[in-house]
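S.K.: here you go, sequence then predicted model.
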Amino acid sequence: MEFRHPYLPLTRADEQEMLEAIGLQHIDDLFSNIPHEFRLNRDLDICPPHTEHEVSKRVQELASKNVPMADGRAFIGAGVGIHYIPAVVTSLANRSEFVTAYTSYQPEVSQGMLQTLFEYQSLLAEILAIDVVNSSLYDMATAVGEAARMCARVVRRRSRFLVPGTMNPEHRAVLETYCRPAGMTVEAIEYDRKTGLMSISDLEGRLGEDVAGVYVENPSYLGFIESQVDEISRLAHEAGALLVAGVDILSLGLLRPPGEYGADIVVAEGQGLGSPPSFGGPLLGVFGCRMERRLVYQLPGRLVGMTRTVKEPYERGFVLTLSPREQHIRREKATSNICSNQALSAVTAAIYLSLLGPSGLQTVSEAIAYKSAYAARRLDSLAGVRAPAIGNAIWKEFVVTFTDGITVESVHQGLLERGLHGGKALHEEFPWLGESMLLSVTEVHSKEQIDRMAAAVGEIVGAGGD
Amino acid sequence: MVGHTLDHVRQAKWDEPLIFELHRPGIVGHLFPGAEASIVSEVGPLDSLIPPEMRRSSPPALPEVSEPRIVRHFTRLSQMNFSVTSGTYPLGSCTMKYNPAVDEFCAALPGFAMLHPLQDPATTQGALELMWELEQWLAEITGMDAVTLQPAAGAHGEWTGVMMVRAYHEHVTGESGQRDEILIPDSAHGTNPASAAMAGYKVVVIPSSEEGLVDLDALKSVAGPHTAGLMLTNPNTIGVFEKDIKEVAGVVHDAGGLLYYDGANLNAIMGVVRPGDMGFDLVHINLHKTMSTPHGGGGPGAGPVGVKEGLAEFLPVPRVTRRDDGTFDLDYDHPKSIGKVKSFYGNFGVLVRAYAYIYALGGPGLKRTSELAVLNANYVAHHVSRIPGLSLPFSKDVPRMHECVISASGLKEETGVTAMDIAKRLLDFGVHAPTVYFPLIVDEALMIEPTESETREELDYLIGVLQEISREAHEQPDVVRGAPYYAAIRRLDEYRAAHPKTLTLSWRAYRRQQERAEGQD
Ligand SMILES: Cc1ncc(COP(=O)(O)O)c(C=O)c1O
């Protein structure tokens, strides 16, 4: 029987007429230029065609083999945040005019996307207290990688990049991959094992004429607040290096924005701003810098700028701008190879931030501060449990250490059996922390859920970990 | 007949302010969950939780806008955005095909969307199975042996691939010091040289032949002991199949290099011919092109990379594995891996959509997709190249594949109307512009990729509009040069946008400019 499919709106009669119009007989004639020896000459061994009903059944069957726990049952973060997503965000960001457009190469018919991205850049610029935010990189990990490489372009002939010893290891791994081919080395700065704070003396010892940039995370991967940012910033700048700050956007209703402590480049993970965890992607690489020529002209990624019509009557409009930095113009001399980015995630973030407003940001920032502190206290009150095991002041994430022979694995399994999910095990990344996990508590976790989790840990620990 | 008459199509236009200009102090857009009073009283006050020197002194100047006004704001903005669901979008090299609605439904299923990447693999078996199966399919479609789904886009896949070329020369040939060049045709997409450079390579540009193909003599003269590899897309960017691919592959392999396939143009050849069978060693696939995942106005996409067996050990970690008992896991134990190129496992939500798309079409459907994409492109090429002022440069009598590149240099000479003018005038007829001024080897290039999603009527309409524009260009060139008239806004001043004095990249910067201007008055 003739193959018909809803995605393929051409009939056999159309096909025949069109072939005739171009002077061909058979559709195979179109492929006459492909050497026969390479032709596949068999069917692809994948699957047969399916109806939409079958597609949705198959995909739902796969989905049902998962236990989605990012609804308050999981206390895990480590780079992907579990946050409440207002219905308006999803409904607006799903509008097909945003979803099915390409990059705004024709600004006159793409003002919707361009204005939204300008608003994304602008909303984040306010929160970060920095003037320039690009219209997205892939994720925070690649953003750190791009930041390191940008430092080396701005302050030339310097190839070392210093990072906190407590840096997110997932980001560190990607950073290494980005730096290696550029001939850059990544070095970890020592830290205090009780407070987690960066060792200023080690930083001073490492700074020198070959250091391109210093990276500081705040809050840190392990959850503690790095309170020496002014000192770190001063030292980095005195040594002629740039300061790169990695922040959590939702902490900035409470914490000082990186623009205020002299960050030259700012990176963040923007997934938490309205996008679900989605098994780790799409994420959203937030990337910004101070408005300084030597920085802006080295920035990777797309920028949307405000302008006006060429002719009168002048009207305000938005275009992609400073493209001579980019691959389609500069090719191998471009600041980055990035082309497609995470625009729709940026649209999502713009809508989320519009709903958030200053009071929402404060509410969420504070809720996370209170709830994570509360969870840490509850856990710390249990025998054989220490939380936060590192740091005094924490926000959202914190280290929980089990003593008395309790293993992380037993806590993890015990929580799973109780329909809960614990944090990320840290023994591979930070072996000296012993039996520890990185817990994450956000505004979505109710007091009841936190109490239930703490009670479950209490039970598991009380039973000696079984 | 609707769609056949050459009427202008007026895009929606709203004089929609910036979200900041909608600010009304005291309005709340959404009530976000806060901390329970009992928690606050137990742990508070905040001063005891956050070091005072790290407290933000004043809240950021975010706008306060009501929920209904926000809904109108972004709805109106969306209406000023052309998309595949609005009309024909023949943007060459971008494969703007229809994005099935069911794929969006699939990606949003809570079983996927609400899955944290670090959950215990026992709770993520369905996600891992989906990834594993998708890897198998992509390997079969491209003729490769192993696939990573980690890269976030095409360019990211290219860079991942070139990093593996590097690892190959480090570990296998032991010649990475000497092999410091990547060969790239002058017709290549800009991301190719940029990716090679990001992976630490010098780029050697190979000129195109008179047929618009890789110039074999030029290739032979540069391939040698310094060659790490060649990056090529086939069909190439003028939409023609590189018929000498066997010789090209031979030259590069004999020189000791690897062949990298830029899969941006895979929509032409699914089920017909496979990169792996033509001699390529590595390939990336743009799922947001060929596999119909929506482009989102600039992403997120996904750029999986497939490799031949001998390169599999260099793939990024983790890799998805299937155990003997049929369960799935993530495997980080690959010491020669290039490492990680992105957090976690890639743009998973995009992978779900691609899975649903491939599952819907199956093997026969993918092949038919390519056949019709190629038919449509040739139909357009045939008719458009006969329009006065327009021509089809290079390999004239050879079929195009999924796209055709038309030159408007004749029209420019005759009338002064450029490819950009044609692009802008197309917008007035409700058709998106083709890609313009790419590839660089074609003067006044209009790169047209209709895709298989367009009906015959829509193709005839596109051809008819181009005929009309050519007529206008000859009779009233200023009309074309002044276009668009029916888009939400007239032509924008890009020079002003980029000029250091007027460059405005955020509301914050704009406000400061305004203050400065007022201060001068
Ligand atoms: C030929 C070609 N190669 C590579 C790319 C880069 O793909 P992406 O935008 O997904 O990074 C594109 C897309 O613009 C392309 O057309």
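M.R.: Perfect, I can see it now.

S.K.: could you pull up the mean pLDDT of stretch B:455-466?
M.R.: The predicted model gives stretch B:455-466 an average pLDDT of 97.

S.K.: same thing with stretch B:16-32?
M.R.: Mean pLDDT, taken over the full extent of stretch B:16-32, equals 97.

S.K.: is chain A contacted by that stretch?
M.R.: Yes - Stretch B:16-32 reaches chain A (Cβ under 8 Å from any Cβ of the partner chain) through B:Glu16, B:Leu18, B:Ile19, B:Phe20, B:Ile27, B:Val28, B:Gly29, B:His30, B:Leu31, B:Phe32. No exception for glycine: its C-beta is placed from N, CA and C like everyone else's.

S.K.: for that stretch, measure first residue to last.
M.R.: Criterion Cα to Cα, to the nearest Å; first-to-last residue distance in stretch B:16-32 is 26 Å.

S.K.: which residues touch A:Val144?
M.R.: A:His171, A:Val174, A:Leu175, A:Tyr178, A:Tyr215, A:Val244, A:Gly246, A:Val267 (Cβ atoms under 8 Å, 6 or more residues apart in numbering or on different chains).

S.K.: quick check: it vs the ligand, distance?
M.R.: Distance of A:Val144 to the ligand, given as Cβ to the nearest ligand atom, to the nearest Å: 19 Å.

S.K.: strand partners of the longest strand along chain A, parallel vs antiparallel please.
M.R.: If each strand of chain A is counted by residues according to DSSP state E, the longest one is strand A:211-218. Strands flanking strand A:211-218 in the sheet, each with its direction: strand A:160-164 (parallel), strand A:242-247 (parallel) (DSSP bridges).

S.K.: for those strands, which one sits closest to the ligand?
M.R.: strand A:242-247 (24.0 Å; Cβ to the nearest ligand atom).

S.K.: wait, what's in contact with B:Gly306?
M.R.: By Cβ under 8 Å, 6+ apart, B:Gly306 lies in contact with B:Leu138, B:Ala139, B:Thr142, B:Met144, B:Asp145, B:Ala146, B:Val147, B:Gly276, B:Leu282, B:Val283, B:His284, B:Ile285.

S.K.: let's go with 6 Å and repeat that
M.R.: For B:Gly306, the contacting residues are B:Leu138, B:Ala139, B:Thr142, B:Met144, B:Val147, B:Val283, taking Cβ atoms under 6 Å, 6 or more residues apart in numbering or on different chains as the criterion.

S.K.: from those residues, pick the one nearest the ligand.
M.R.: B:Val283 (11.7 Å).

S.K.: secondary structure class for the closest one?
M.R.: Each residue gets one of three states, and B:Val283 gets strand by DSSP: H, G, I helix; E, B strand; the rest coil.

S.K.: per-residue confidence for the closest residue to it other than its chain neighbours?
M.R.: Distance criterion Cβ to Cβ, 6 or more residues apart in numbering or on different chains; nearest residue to B:Val283, sequence neighbours excluded, is B:Tyr261 at 3.9 Å. Among the per-residue scores, B:Tyr261 shows a pLDDT of 98.

S.K.: which ones are touching B:Tyr261?
M.R.: The neighbourhood of B:Tyr261, defined by Cβ under 6 Å, 6+ apart, consists of B:Pro275, B:Phe280, B:Val283.

S.K.: excluding its backbone neighbours, what's nearest B:His474?
M.R.: B:Thr415 (5.7 Å).

S.K.: wait, the one you found touches B:Ala473, no?
M.R.: Yes - using Cβ atoms under 6 Å, B:Thr415 makes contact with B:Ala473 at a distance of 4.3 Å.

S.K.: burial of B:Asp493, as a residue count?
M.R.: Residue crowding around B:Asp493 was assessed by other Cβ atoms under 10 Å in any protein chain shown; the count is 17.

S.K.: mean pLDDT and mean neighbour count for the strands paired with strand A:211-218 - can I get that in JSON lines?
M.R.: As requested, the strands paired with strand A:211-218 are arranged in JSON lines below (pLDDT from 0 to 100; neighbours: other Cβ atoms under 10 Å in any protein chain shown):
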{"stretch": "strand A:160-164", "mean pLDDT": "98", "mean neighbour count": "26"}
{"stretch": "strand A:242-247", "mean pLDDT": "98", "mean neighbour count": "27"}
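
S.K.: so which of the contacts of A:Val144 wins on neighbours?
M.R.: Of all these, the most densely surrounded is A:Val267 (30 neighbours; neighbours counted as other Cβ under 10 Å).

S.K.: correct me if wrong: it contacts A:Gly246.
M.R.: Yes - using Cβ under 6 Å, A:Val267 is in contact with A:Gly246, at 5.0 Å.

S.K.: phi, psi for the residue nearest to A:Asn33 when sequence neighbours are not counted please.
M.R.: The spatially closest residue to A:Asn33, leaving aside those adjacent along the chain, is B:Phe241, at 4.5 Å (Cβ to Cβ, 6+ apart). When read as degrees, to the nearest 10, the backbone of B:Phe241 gives phi -70, psi 130.

S.K.: which parts of the chain are strands?
M.R.: If you meant another chain, say so; for now it's chain A. Under the criterion DSSP E, chain A contains strands at A:132-133, A:160-164, A:185-189, A:211-218, A:242-247, A:265-269, A:285-289, A:304-308, A:316-320, A:385-386, A:397-402, A:424-425, A:436-440.

S.K.: wait, chain B was what I had in mind.
M.R.: Taking DSSP E as the criterion, chain B carries its strands at B:146-148, B:181-185, B:202-206, B:227-232, B:258-263, B:282-285, B:305-307, B:319-322, B:328-331, B:404-407, B:435-436, B:445-448.

S.K.: got the contact list for the last one?
M.R.: With Cβ under 6 Å, 6+ apart as the test, strand B:445-448 has contacts from B:Pro90, B:Gly92, B:Val380, B:Cys404, B:Val405, B:Ile406, B:Ala408, B:Ala419, B:Pro434, B:Thr435, B:Tyr437, B:Phe438.

S.K.: in JSON lines: those residues, plus distance to chain A, neighbour count and pLDDT.
M.R.: As requested, those are arranged in JSON lines below (distance: Cβ to the nearest Cβ, whole Å; neighbours: other Cβ atoms under 10 Å in any protein chain shown; pLDDT from 0 to 100):
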{"residue": "B:Pro90", "distance to chain A": "11", "neighbour count": "28", "pLDDT": "98"}
{"residue": "B:Gly92", "distance to chain A": "11", "neighbour count": "28", "pLDDT": "96"}
{"residue": "B:Val380", "distance to chain A": "10", "neighbour count": "27", "pLDDT": "98"}
{"residue": "B:Cys404", "distance to chain A": "11", "neighbour count": "28", "pLDDT": "97"}
{"residue": "B:Val405", "distance to chain A": "16", "neighbour count": "29", "pLDDT": "97"}
{"residue": "B:Ile406", "distance to chain A": "15", "neighbour count": "27", "pLDDT": "98"}
{"residue": "B:Ala408", "distance to chain A": "16", "neighbour count": "30", "pLDDT": "98"}
{"residue": "B:Ala419", "distance to chain A": "13", "neighbour count": "25", "pLDDT": "98"}
{"residue": "B:Pro434", "distance to chain A": "10", "neighbour count": "30", "pLDDT": "98"}
{"residue": "B:Thr435", "distance to chain A": "7", "neighbour count": "23", "pLDDT": "97"}
{"residue": "B:Tyr437", "distance to chain A": "9", "neighbour count": "16", "pLDDT": "95"}
{"residue": "B:Phe438", "distance to chain A": "7", "neighbour count": "19", "pLDDT": "93"}
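
S.K.: most widely separated two among these?
M.R.: B:Val380 and B:Tyr437 (18.8 Å; Cβ to Cβ).

S.K.: from chain B, how far out is the closest residue to the ligand within the stretch 351-466 of chain A?
M.R.: Residue of the stretch 351-466 of chain A nearest the ligand, by Cβ to the nearest ligand atom: A:Ile351 (23.6 Å). Here the criterion is Cβ to the nearest Cβ, to the nearest Å. By it, A:Ile351 lies 6 Å from chain B.
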